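Q: Show me the folded form of this:
(chains A and B)
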Amino acid sequence: MSARPVVTRFAPSPTGFLHIGGARTALFNWLFARHHGGKYLVRIEDTDRARSTQPAIDAIIDGLDWLGLSGDEPPVFQYDRAGRHAEIAEQLLAKGEAYRCYLTSEELAARRTAAQAERRPFRLTSEWRERSDGPADAPFVVRIKAPRAGETVIEDKVQGRVAVANEELDDFVLLRSDGNPTYMLAVVVDDHDMGVTHVIRGDDHLNNAFRQLIVVRAMGWEEPSYAHIPLIHGPDGAKLSKRHGALGVDVYRDEMGILPEALVNYLLRLGWGHGDDEVISREQAVEWFDLDHVGKSPSRMDYKKLENLNGHYLRGADDARLAKLVAPRLEIAGDQLGQLVGAMPEIKARAHNINELADGARFLFQERPLMMEPAATALLTPEARVHLAHARTALEALPKWSPEAIEAAVRAVADHAGLKLGKLAQPLRAALTGRTNSPGIFDVLLHLGQHESIGRISDQLEPSE
RNA sequence: GGCCCCUUCGUCUAAGGGUUAGGACGCGGCCCUUUCACGGCUGAAAUACGGGUUCGAAUCCCGUAGGGGUCACCA
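A: Residues are numbered from 1 along each chain as shown, chains lettered A, B, ... in the order given. Below you'll find the predicted structure:
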């Protein structure tokens, strides 16, 4: 074990939003650093000037912040370091570990298609690798002089020992003809300069690790540990597409109504396990997380499980916090917010996401007369109306609108009529909420208030039209 | 196609030579109950296939099949 303090990093490219896979990569990096008392950094890989966008950068920063996965230091922007990257390319050139290649993109493309036509794998062999008599004014790229024989081995913390024959690796580009660094150069230089000890990232980078290692070794730098975690697939096992997981985490927050702690817990358990534990707090996760228990195979998104977990966290969440999240969906404000907070314990007990929370709370703020669901109307039989009338009388007579008084009054009406509570509660529920399910009927009455409750019952007894 | 990786209930996973293969989500049943949720109990449900090694294999080895990743002057 190296004595170096652990430094991890999450390095998204701002060409899209923070998706679920990126979020999990960030989480694993964060957890690993915390577990080892190390540092977790964020680096925005924006060297692709054409595809990097500010909205994407904002979405990534915002998403990380929402999940509590912001870096321990302000994010590093890779493009700001282009000068440093070019400097390293120069050093590599000077050391004879890299060379200027004057092959044009057209020539490259021609060779590639030729190889394809002959059905043999294309592996570039640039004649410039051994030549130094390039034309003075012609554009060139800087290529690494990759080893031709032997094999390169990575002791991956997740995938285990992975070896690849060096013939498979060709002389990839370090510096583009416009002088800008490629990703392959930039990551290595930045990881080194930032002191990154553990590179934890998606499995799609495993092949890149071999190439990056060549650069690390050419510079004589200390090699980082690699951990390539399997990708996340859609529910159908296919690659994550727009239809499911390749959504920004903001969609989980804003449209699906997921709590960040639920998403984090879900993501943690996706590809990693700790015995039979399912609900794991952030603190426990920090204590338990390790790379040894990260699975090696891709896992699929299971929205049902995410929802289930979300319901769990919803029930334990602070009422005022939840009310604030629900309020915009109901378009309420002011004292209605207080009413919402008061009813929240009963509402959140039945919801699995913020949308259901809003749906469950909606009855509180509906204007009279209520829009009735057909199934609710069906409960209001002539017989039921008789009982409702009795209930109204009893409720009107209450001097104090307290939980105890309400329950006693309603139960008394049911007893008096020789009814099981349900026979009275259901029509009452229908009249008060316009629906067939809701929080407990006493709670509904309590949070609606005496005036509103009686008004709603009356609406059903004496239809205005 | 070349190279690399993966394979335990439908899904996420536990079990790192000896277990009735465990848990969770989902699904079914029962209970609780004023509805809906929650909760409790319970049922069905897996070691991809074929060979080895071993007294003994989900665990180790080989092969087959299936899946995934990657092959840019993108990251």
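Q: which residues of the stretch 251-400 of chain A fall in helices?
A: Ranges of helices within the stretch 251-400 of chain A are A:260-269, A:282-288, A:303-316, A:319-330, A:335-348, A:354-361, A:374-379, A:382-396, based on DSSP state H, counting those that start in this stretch.
Q: how far out from the middle of the chain is the lowest-mean-pLDDT helix or strand in chain A?
A: Lowest mean confidence among the helices and strands of chain A (mean pLDDT, DSSP states H and E): helix A:105-117, at a mean of 83. Helix A:105-117 sits 40 Å away from the centroid of its parent chain (C-alpha atoms, centre = their mean, to the nearest Å).
Q: Could you confirm whether the helix or strand that it is followed by reaches RNA strand B?
A: Going down the chain from helix A:105-117, the next helix or strand is strand A:141-144, by DSSP states H and E. Yes. Against RNA strand B, strand A:141-144 shows contacts by C-beta under 7 Å from any atom of the strand at residue A:141. No exception for glycine: its C-beta is placed from N, CA and C like everyone else's.
Q: Give the buried residues for the least confident helix or strand of chain A.
A: Buried positions in helix A:105-117, judged by neighbour count with 16 or more other C-beta atoms under 10 Å: residue A:111.
Q: Write out the residues of the stretch 1-150 of chain A neighbouring RNA strand B.
A: A:11, A:13, A:15, A:45, A:47-48, A:51, A:78, A:103-105, A:108, A:112, A:119, A:121-122, A:139, A:141.
Q: ok, now the stretch 251-400 of chain A?
A: Applying C-beta under 7 Å from any atom of the strand, one finds that the stretch 251-400 of chain A approaches RNA strand B through A:269-273, A:275-276, A:278, A:292-293, A:295-300, A:302, A:304-305, A:307-308, A:311-312, A:315, A:349-351.
Q: quick one: low-confidence parts of chain A?
A: A:1-3, A:240-246, A:463-465 (pLDDT under 70).
Q: Surely residue A:89 touches residue A:185?
A: Yes. At 6.3 Å, residue A:89 counts as touching residue A:185 under the criterion of C-beta atoms under 8 Å.
Q: Looking at the two, which has the bigger crowd around it?
A: The residue with more neighbours, out of residue A:89 and residue A:185, is residue A:185; 28 against 25, by other C-beta atoms under 10 Å.
Q: which ones are touching the more buried one?
A: A:85, A:88, A:89, A:174, A:175, A:215 (C-beta atoms under 8 Å, 6 or more residues apart in numbering).
Q: Neighbour-wise, which one of those leads?
A: Busiest of these [other C-beta under 10 Å] is residue A:174, holding 27 neighbours.
Q: Report how many residues lie close to residue A:160.
A: 9.
Q: Nearest residue to residue A:324 in space, ignoring adjacent ones along the chain?
A: residue A:337 (7.8 Å; C-beta to C-beta, 6 or more residues apart in numbering).
Q: Go ahead and confirm residue A:164 touches residue A:211.
A: No. Contact criterion C-beta under 8 Å: residue A:164 and residue A:211 do not qualify, at 9.8 Å.
Q: which of the two has more neighbours?
A: residue A:211 (21 against 16).
Q: Confirm the more buried one sits in a helix?
A: Yes. Counting by DSSP: H, G, I helix; E, B strand; the rest coil, residue A:211 falls inside a helix.
Q: shouldn't it be in contact with residue A:184?
A: Yes. Counting by C-beta under 8 Å, residue A:211 sits close enough to residue A:184 to count as a contact (5.6 Å).
Q: residues shared between the contacts of the two?
A: residue A:172.
Q: What's the separation between the residue located most distally from the centre of chain A and RNA strand B?
A: Within chain A, the residue lying farthest from the chain centre (C-alpha atoms, centre = their mean) is residue A:416, at 54.9 Å. As judged by C-beta to the nearest atom of the strand, to the nearest Å, residue A:416 and RNA strand B stand 16 Å apart.
Q: nearest residue to that residue other than its sequence neighbours?
A: Residue A:416 sits nearest to residue A:390 (C-beta to C-beta, 6+ apart), 7.3 Å away.
Q: Next: residue A:325.
A: By the measure of C-beta to C-beta, 6+ apart, the closest residue to residue A:325 outside its immediate chain neighbours is residue A:354, 5.3 Å from it.
Q: Contact partners for that neighbour?
A: Residues near residue A:354 by C-beta under 8 Å, 6+ apart: A:257, A:258, A:259, A:314, A:322, A:325, A:326, A:329.
Q: give me the number of residues near the first one?
A: Residue A:257 is flanked by 21 other residues according to other C-beta under 10 Å.
Q: Settle this for me: it is touching residue A:348, isn't it.
A: No. Residue A:257 is not in contact with residue A:348 according to C-beta under 8 Å; the separation is 11.8 Å.
Q: Where does residue A:200 sit, in terms of helix or strand?
A: Judged by DSSP H and E, residue A:200 forms part of strand A:198-202.
Q: Is RNA strand B within reach of that strand?
A: No. Strand A:198-202 is not in contact with RNA strand B by C-beta under 7 Å from any atom of the strand; minimum separation 7.7 Å.
Q: contacting residues around that strand?
A: A:6-9, A:11, A:21, A:25, A:28-29, A:32, A:157, A:191, A:209, A:224-229, A:231, A:291.
Q: do the same with stretch A:52-61
A: Contacts with stretch A:52-61, where a contact means C-beta under 8 Å, 6+ apart, come from A:12-18, A:22, A:44, A:46, A:70, A:75, A:79, A:248, A:250.
Q: got it, and stretch A:71-80?
A: Residues contacting stretch A:71-80 (C-beta under 8 Å, 6+ apart): A:9-11, A:33, A:39-47, A:49, A:52, A:61, A:64, A:186, A:190, A:194.
Q: Quick one: buried ones out of those residues?
A: A:9-11, A:33, A:39-47, A:52, A:61, A:64, A:186, A:190, A:194.
Q: Spit out the contact partners of residue A:193.
A: Counted by C-beta under 8 Å, 6+ apart, residue A:193 has contacts A:81, A:84.
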